[in-house]
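Student: pasted the sequence and its predicted model underneath.
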Amino acid sequence: FPAGYPAPMTDCDEIAFFDFQATEKSASPRTLANYRDALAAYQKWRAERFAGWRGETADDFRDYLFALMKQGFKRATIRLRFAALRSFYKFLVLRRGLARSPVAEVQLPKPERGLPVVLTLSQIDELLGMPLQVDPDKKSPPWLPLRDAAILELFYSCGLRISELLALDVKHLDFIGETVRVVGKGSKERIVPVGEPAINAIQRYRQEAAVTSGPLFLSTRKRRITQQAVDQLLKKYLKRSSIPFAISPHKLRHSFATHLLDAGADLRSVQALLGHASLSTTQIYTHVTKERLKQAYDTAHPRA
């Protein structure tokens with residue numbers, strides 16, 4: 001099976017669907033895992049009543065929707081599960097001869113319009129400086145703080161997704177042109193500028209860790225770094241900082257986009273840098289900048 005492919009299943013429709021997603025759609029391992037979990041969650045909910053995907057009705061999926069809402073699942077989680085189910089049934093209709101999709105008839109709750117959490121410039125400066133200020137673990141290789149510093153600098157410099165950063169190889173970086181070639185969702189490539197601080201941090205890390213080719217960011221065992229390792233290093237530096245909320249790679253991505261717009265970058269450019277397929281996805285950051293302007297006004301204006 002291809003990398004990230006779900007464990008073998010007995011249902012032929014499921015096997016064909018995941019093969020289609022992995023080969024023809026170039027779905028990421030994370031997407032495949034989300035789809036697999038969504039299908040498994042529905043089957044578990046149906047339990048002994050589940051007789052096969054082709055026998056399910058729109059009413060069955062409406063009951064499932066109500067059950068999830070009653071259990072207090074967030075709208076985003078519900079919509080994610082049903083997106084997987086819709087993709088699966090769309091495949092059955094287009095490729096496997098099913099007459100119609102029962103999920104298409106289910107009306108989902110509207111998505112919540114929460115604004116992204118964004119770090120301030122001072123918080124960004126504090127976070128990016130933490131790896132070289134914290135006393136290193138004597139059991140870890142001496143290049144580890146330099147690696148952590150390079151990871152944080154690159155996240156904020158380029159607004160990368162976690163999956164994009166993990167997949168980076170040394171060959172993807174153009175140190176002379178100060179750009180990085182990123183492979184995003186759907187295997188779409190884009191070229192993103194890299195700031196000088198990030199370039200310098202990466203070069204220091206590479207020199208100390210003797211990274212000349214292959215994966216850019218390595219684990220202590222000299223293998224490609226994992227998402228779990230990135231999550232752990234963020235938690236490590238958060239504990240030692242004054243930042244009052246949890247940090248994720250996506251918060252650094254949000255901060256990257258918002259700070260660009262705050263400084264006058266146009267929306268289309270930010271869309272291209274983030275690798276968003278739709279401009280509407282990027283537009284949420286305009287709401288963030290407006291909110292920040294309101295806060296600044298309320299704080300500073302004498303007659304606010």
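Tutor: Here it is on my side, so go on. Numbering: from 1, shown residues only.

Student: shaky segments in the stretch 101-250 of the chain?
Tutor: 112-115 (pLDDT under 70).

Student: quick one: the helices in it?
Tutor: 121-129, 144-158, 162-166, 196-209, 227-239, 249-262 (DSSP state H, counting those that start in this stretch).

Student: output the contacting helices and strands for the second one.
Tutor: By that I understand helix 144-158. helix 121-129, helix 162-166, strand 179-183, helix 196-209, helix 227-239, helix 249-262 (3 or more Cβ pairs under 8 Å, 6 or more residues apart in numbering; DSSP states H and E). Heads up, the C-betas are built off the backbone N, CA and C, glycines and all.

Student: what helices and strands are in contact with the first one?
Tutor: With contacts defined as 3+ Cβ pairs under 8 Å, 6+ apart, helix 121-129 has these neighbours: helix 144-158, helix 249-262.

Student: so which of those is nearest residue 221?
Tutor: Closest to residue 221 of the helices and strands packed on helix 121-129, according to Cβ to Cβ: helix 144-158, at 11.8 Å.

Student: can I get the closest one as CSV, trimmed to CA atoms?
Tutor: The C-alpha trace of helix 144-158 is given here as CSV (Å, rounded to 0.1, in the frame of the first residue of the first chain):
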residue,chain,number,x,y,z
LEU,A,144,19.0,20.4,18.7
PRO,A,145,18.4,24.0,19.8
LEU,A,146,19.6,25.2,16.4
ARG,A,147,17.1,22.9,14.7
ASP,A,148,14.3,24.1,16.9
ALA,A,149,15.2,27.7,16.2
ALA,A,150,15.3,27.0,12.5
ILE,A,151,11.9,25.3,12.6
LEU,A,152,10.2,28.2,14.4
GLU,A,153,11.8,30.8,12.1
LEU,A,154,10.7,29.0,9.0
PHE,A,155,7.2,28.5,10.2
TYR,A,156,6.8,32.2,10.8
SER,A,157,8.8,33.3,7.8
CYS,A,158,6.8,31.3,5.3
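
Student: could you check the angle helix 227-239 makes with that helix?
Tutor: Helix 144-158 runs at 90 degrees relative to helix 227-239, counting by axes from the mean of the first three to the mean of the last three Cα atoms, to 10 degrees.
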